[in-house]
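*Asks:* Pasting the sequence and the predicted model now:
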Amino acid sequence: MICPECGNDVLVYDPRTGELTCPSCGYVVQERDVDRGPEWRSLEDEEESRSRVGAPLSIMYRDHGLSTVINRIDADASGRRLSKETREKLLRLKKLDATSQVNASEARNLQQAVNILQIYVDKLHLSQSIAEKAMLIYRKALRAGLVRGRSIRSIMAAAVYAACRSMGAPRDLRELEKAYPVVKRKTIAQGYRLLLKHLKLKVPVADPAIYLNKIASKVGLDQKTVQEALRILQEAAKRGATVGKDPVGIAAAALYMACQETTQNITQKDIARAAGVTEVTVRNRFKGLKEALEQKEKEAVASKTK
């Protein structure tokens, strides 16, 4: 848009009045436009006393925050007690409002799912974006009929696990089980595979490097060892040694190998306990990484001799 008076193409919009004006000549190009800013309610003229009329929509609520609730009130705004007829009328309105909610069973399902999700958010310290992603996945599963015949806890846990992986902040199944022991790892894994199959979720493969700092901090390793373990993981990934393996076990084995190269006295038992895996897992993954790196050294020596 340009100013029809002077031809200036730089216009100024005033959100308070909804006017689009030209700063050069002062011509009002457009007036009474739709104010797309937030609605404010203020009983005073001070800017600090302004407050929003209502909370924004959020997928975390079973009704997105748009439901109505009629409380039991026995007095009016001035404090005078209401008459018996008025109280009975309000009670009938309250019952009618409660029974007129659309699909009450689905609302109860979503409310229970939100309560379970809040447990994982508090125990795993998840961000708001991950929580909203998990709730979105659960709503899709509910609409697809995947919750019918299954426990709400298991599907919600699987949705949290899928949301963490899709948002680039994966959590191990052991962490989810520890946060809410009622749902076991096997049940979460079954629900996760169910979501992937029916909802066509695109979840990236977890990078083992994400777990390096977490494991290293538990056993007290320095940053030099972490950098060495990261280099080992990068070399192993080029060889395909990390494909199809548990990322936590691969990260633990890389840290153990880095400790050997940096001459730090850390046992497999310490690494396994910090990572939450068994010593057998660390030992097997360590052998796989060692074979991959030794194969690289043999190929390098062979290329030099040629």
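*Replies:* Everything's here; your move. Numbering: from 1, shown residues only.
*Asks:* how about stretch 202-220: buried residues?
*Replies:* By 16 or more other CB atoms under 10 Å, the buried positions in stretch 202-220 come out as Val203, Ala206, Asp207, Pro208, Ala209, Tyr211, Leu212, Ile215, Ala216, Val219. Using the backbone N, CA and C atoms, a C-beta is placed for each residue, glycine as well.
*Asks:* which residues touch it?
*Replies:* The contact list for stretch 202-220 (CB atoms under 8 Å, 6 or more residues apart in numbering) reads 162, 165-166, 168-170, 172, 196, 225-226, 229-230, 233, 242, 247-248, 250-252, 254-255, 266, 270-271, 274-275.
*Asks:* Please apply the same query to stretch 148-165.
*Replies:* Residues outside stretch 148-165 that contact it (CB under 8 Å, 6+ apart): 109, 112-113, 116-117, 120, 124, 126, 130-131, 133-135, 137-138, 141, 146-147, 170-171, 173, 176, 180, 182-183, 187-188, 190-192, 194-196, 201, 203-204, 206.
*Asks:* Just the buried ones from these?
*Replies:* Applying 16+ other CB under 10 Å to the contacts of stretch 148-165 flags 109, 113, 116-117, 120, 124, 126, 130-131, 133-135, 137-138, 141, 146-147, 170-171, 173, 176, 180, 183, 187-188, 191-192, 194-195, 201, 203, 206 as buried.
*Asks:* pLDDT of stretch 96-110, averaged?
*Replies:* Mean pLDDT, stretch 96-110: 75.
*Asks:* Endpoints of that stretch, how far apart?
*Replies:* One end of stretch 96-110 to the other measures 21 Å (CA to CA, to the nearest Å).
*Asks:* per-residue confidence for Lys202?
*Replies:* Lys202 is assigned 83 on the pLDDT scale.
*Asks:* er, Arg52 I mean
*Replies:* For Arg52, pLDDT reads 55.
*Asks:* Same check on Glu48?
*Replies:* 55.
*Asks:* Let me know the helix or strand that Ala113 is in.
*Replies:* Under the criterion of DSSP states H and E, Ala113 resides in helix 104-124.
*Asks:* returning to what we had before: show me the buried ones among the contacts of stretch 148-165 that map onto helices.
*Replies:* Among the buried ones among the contacts of stretch 148-165, the members found in helices (DSSP state H) are 109, 113, 116-117, 120, 124, 130-131, 133-135, 137-138, 141, 173, 176, 187-188, 191-192, 194-195.
*Asks:* Make sure Leu199 is actually in contact with Lys140.
*Replies:* Yes. Contact status for Leu199 versus Lys140: in contact at 5.5 Å, counting by CB atoms under 8 Å.
*Asks:* In helices, which of the buried residues of stretch 202-220 appear?
*Replies:* Per DSSP H, the buried residues of stretch 202-220 map to helices at Leu212, Ile215, Ala216, Val219.
*Asks:* Among the residues you listed, which pair sits farthest apart?
*Replies:* Using CB to CB, those span at most 11.4 Å, a distance reached by Leu212 and Val219.
*Asks:* And the helices in the stretch 1-150 of the chain?
*Replies:* Secondary structure of the stretch 1-150 of the chain by DSSP state H, counting those that start in this stretch: the helices cover 84-99, 104-124, 128-143.
*Asks:* So which of these is nearest Glu19?
*Replies:* Ranking those by their distance to Glu19 (criterion: CB to CB) puts helix 128-143 first, at 36.0 Å.
*Asks:* how does this protein divide into domains?
*Replies:* What automatic domain parsing lists as the domains of the chain is 1-38, 56-94, 104-199, 208-305.
*Asks:* Determine which residue lies closest to the centroid of the protein.
*Replies:* In the chain, the C-alpha nearest the mean C-alpha coordinate belongs to Ile130, at 0.7 Å (CA atoms, centre = their mean).
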